[in-house]
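# Give the three-dimensional model of this entry:
(2 chains)
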Amino acid sequence: MTAQATQGTASQRLTIARSMATAIAGEMRADERVVVMGEDIAALGGVFGNCQGLLDEFGAERVRDTPISETAFIGAAVGMASVGLRPIVELMFVDFFGVCMDAIYNLAAKNCYFSGGQTPIPMVLMTSVGGGYGDAGQHSQCLYGTFAHLPGMKVVVPSDAYDAKGLLVAAIRDPNPVVFMYHKALQGMGWLGTEKGTVVDVPDDSYTVDLGKAAIKRPGSDVSLVGFGRTLHVALAAADALAMEGVSAEVIDLRSLVPLDKETLLGSVQKTGRMVVIDDDYLSFGVSGELIATVCDGAFSSLRAAPARIAHPDVPIPFSPSLERPLLPNVEQVVAAARQQMETR
Amino acid sequence: MAIEKDVHHWMLRKMLLSRRFEEAIKAAYMEGKSPRFNMADGPIPGEMHLSNGQEPCAVGVCAHLTDHDVVTATHRPHHIAIAKGVDLKGMAAEIFGKTTGLSGGRGGHMHLFDQAVNFSCSGIIGEGMGPAVGAALGRRLAGDEGIAVSFIGEGAANQGAFHESLNLAAVWNVGVVFVIEDNAWGISVSKRSSTAVASNAERAVAYGMPGVRVEGNDPEAIYSAAGEAVERARSGGGPSLLELSTVRLEGHFMGDAEQYRPREEMDGLSQNDPIPRYSESLAERGLLSAEDQENMEREAQDAVDEAMAYARESALPEVHEAYQCVFA
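Numbering: from 1, shown residues only, chains lettered A, B, ... in the order given. Next up is the predicted model:
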């Protein structure tokens, strides 16, 4: 079902946390092969609320709290997917990948390939990302580039509750491992604060948002601002500020990093000739560099200025608010970068 | 447990098939690698971990399994694959990196997958344990009697994956059997110098499951111990741990000079081959006639010859095939 086809059905304003829970519940009702597991996802409903109500409706066989044993339970998800289940597994903070990456990138991501396609691994790895709330660098990273770099996994990053549900339903139905990276600053947990623009109308019925399809959130003609997850909201605010100065910014929400919607990205830059990428992952060797390389490969002749990037500097995310906050990509940086782009013709 | 004659014959037949297969692979592996040994040369490049000597572990366990049961194996997988019923021609072709291989040459000898018999193996120590727990849970959720068996080496018992997986299997009470093939060596490091307990079976206590160590590299003793563990798994009794004492007749990989291995151990290896010991024992007890043995030998050699010919005659993959199967 496409987004268009759901128009006119009943909907509710939901946080991303709620929309993720409704996405999972809908798929669990429709397909008994879908199971969910992870730390604190059953009785607690997930530290970040994405599994609220699932235990009550589906019971402890299909909604499983796990021991704090990521290597074993993510490995187990691979085994479950190999025998026909559709596991959704939660890595509570993406920063915890260090204790279990083998199961992710050597098994989940490679079994389809090493089996010559005999053993696809239809699983979803949900994981929270992002900082800005003083949790320091073992609980605040994004690590988008780390996961997107490794072949064999799709990687999606929702920026609002509508996309979160549609992308998660698509991820559950996808025959491949999909890493679903949800940003804590967008999640809608009262105790974390939340970005207002993330709480939007979400249709009650299931629908999908295609993996690998970016969205043009705001059309413009002078400069392309490219964000995803939290940085999409930075880009939108920057576009508002730039409009006051007479600069027409086009805002793109990537939604998926793998597959990457190069067509939408290149189409936008071919139109505007300028690009600012905003990424709250580390600056070097990551998504921002990849997007710039993509544009240099595919739209070089259209460029009117060197593409710019705003990302987290290459230092571990610090604790103190007076250290952490200034390092996160912000609207002022984006506006300044766009202004500089406009100085070149 | 009294073992039926046809089970004895099945086990011996599979052991012979595995041995003849590895002899053929060993010879093919050395082609193009002399006078200078370069792992990248010859029809079979890469590391080659042979399992000669460890066949009793594979047959004693797999004799209890159906195609529907799931097995995850190690970087030393051939004997287990053969006992589980993996297609021998496809396996040989995969080891040669041919397009007709189980995975079209993408995986090679450490990454053998045969979904038809629910077999897989992988190259990282202890890596198959979590997947076996999940597969066993999957079978239970599907409401069938299928179980999972995870083969590992004794070195894997010092990995975090081992301890996490045993705990998870016990907490979930799934039908999985963890089988440690203890060949006493993790490449060049002895079990004695790397492992805090003499018997890894003792570690089962920490996870509230039965742990049994089987001495002697004897297919009959392994068959009996595995039978109990498999029955427990199948009947909802939960996981078990077996440690099977075995012997690595070869080096860690082909080309390993094994200078770390004591002289007396090396000298004794030829006396320590489980296959003649088993066949002689069966013959002495009247369970194996000369004709039986002759037939088994011929069948094994014929199957290996056919598989090796298939592998050699098959085409190498085209480069574009490298880009396929990354995603389903």
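# what's the domain layout of chain A?
For chain A, automatic domain parsing gives the domain ranges A:4-203, A:215-343.
# residue ranges for the strands of the stretch 1-150 of chain B, please.
Taking DSSP state E, counting those that start in this stretch as the test, the strands found in the stretch 1-150 of chain B are B:70-73, B:113-114, B:119-121, B:148-153.
# any idea how far residue A:336 lies from residue A:277?
Separation of residue A:336 from residue A:277 (CB to CB, to the nearest Å): 14 Å. Just so you know, the C-beta spots here come from the backbone N, C-alpha and C atoms, and that holds for glycine as well.
# would you list the domains of chain A in JSON lines and tack on mean pLDDT, mean neighbour count and distance to chain B?
Below are the domains of chain A laid out as JSON lines (pLDDT from 0 to 100; neighbours: other CB atoms under 10 Å in any protein chain shown; distance: least, CB to the nearest CB, whole Å):
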{"stretch": "domain A:4-203", "mean pLDDT": "96", "mean neighbour count": "22", "distance to chain B": "2"}
{"stretch": "domain A:215-343", "mean pLDDT": "98", "mean neighbour count": "20", "distance to chain B": "9"}
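# Please name whichever of these is nearest to residue B:185.
Shortest separation from residue B:185 across those is recorded for domain A:4-203, at 22.7 Å, computed as CB to CB.
# Distance from the chain centre to the closest one, please.
How far domain A:4-203 lies from its chain's middle: 10 Å, per CA atoms, centre = their mean, to the nearest Å.
# now the helices: where do they sit in chain B?
Under the criterion DSSP state H, chain B contains helices at B:5-30, B:55-62, B:78-84, B:88-95, B:129-141, B:160-172, B:191-194, B:219-234, B:263-268, B:274-284, B:290-313.
# Count the residues that sit near the residue of chain B found nearest chain A.
Going by CB to the nearest CB, chain A is nearest to residue B:130 of chain B, at 1.9 Å. Burial of residue B:130 is recorded as 31 neighbouring residues (other CB atoms under 10 Å in any protein chain shown).
# Between the helices of chain B, which has the poorest mean confidence score?
Across the helices of chain B, helix B:263-268 has the smallest mean pLDDT, namely a mean of 91.
# contacting residues around that one?
residue B:258 (CB atoms under 8 Å, 6 or more residues apart in numbering or on different chains).
# May I see the strands of the stretch 1-150 of chain B organised as a markdown table, with mean neighbour count added?
Shown next, in a markdown table, are the strands of the stretch 1-150 of chain B (neighbours: other CB atoms under 10 Å in any protein chain shown):
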| stretch | mean neighbour count |
| --- | --- |
| strand B:70-73 | 30 |
| strand B:113-114 | 26 |
| strand B:119-121 | 29 |
| strand B:148-153 | 29 |
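# Just send those back as a markdown table, with mean pLDDT and distance to chain A too.
Listed next are the strands of the stretch 1-150 of chain B as a markdown table, based on pLDDT from 0 to 100; distance: least, CB to the nearest CB, whole Å:
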| stretch | mean pLDDT | distance to chain A |
| --- | --- | --- |
| strand B:70-73 | 98 | 6 |
| strand B:113-114 | 98 | 4 |
| strand B:119-121 | 98 | 7 |
| strand B:148-153 | 98 | 7 |
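# contacting residues around the nearest residue to the residue of chain B closest to chain A once chain neighbours are set aside?
Among residues not flanking residue B:130 along the chain, residue A:75 sits closest, at 1.9 Å (CB to CB, 6 or more residues apart in numbering or on different chains). By CB under 8 Å, 6+ apart, the contact list for residue A:75 reads A:100, A:103, A:107, B:127, B:129, B:130, B:131, B:133, B:134, B:161, B:165.
# now the helices of chain B as a markdown table including distance to residue A:170?
Formatted as a markdown table, the helices of chain B follow (distance: least, CB to CB, whole Å):
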| stretch | distance to residue A:170 |
| --- | --- |
| helix B:5-30 | 44 |
| helix B:55-62 | 40 |
| helix B:78-84 | 35 |
| helix B:88-95 | 33 |
| helix B:129-141 | 23 |
| helix B:160-172 | 29 |
| helix B:191-194 | 46 |
| helix B:219-234 | 36 |
| helix B:263-268 | 57 |
| helix B:274-284 | 52 |
| helix B:290-313 | 40 |
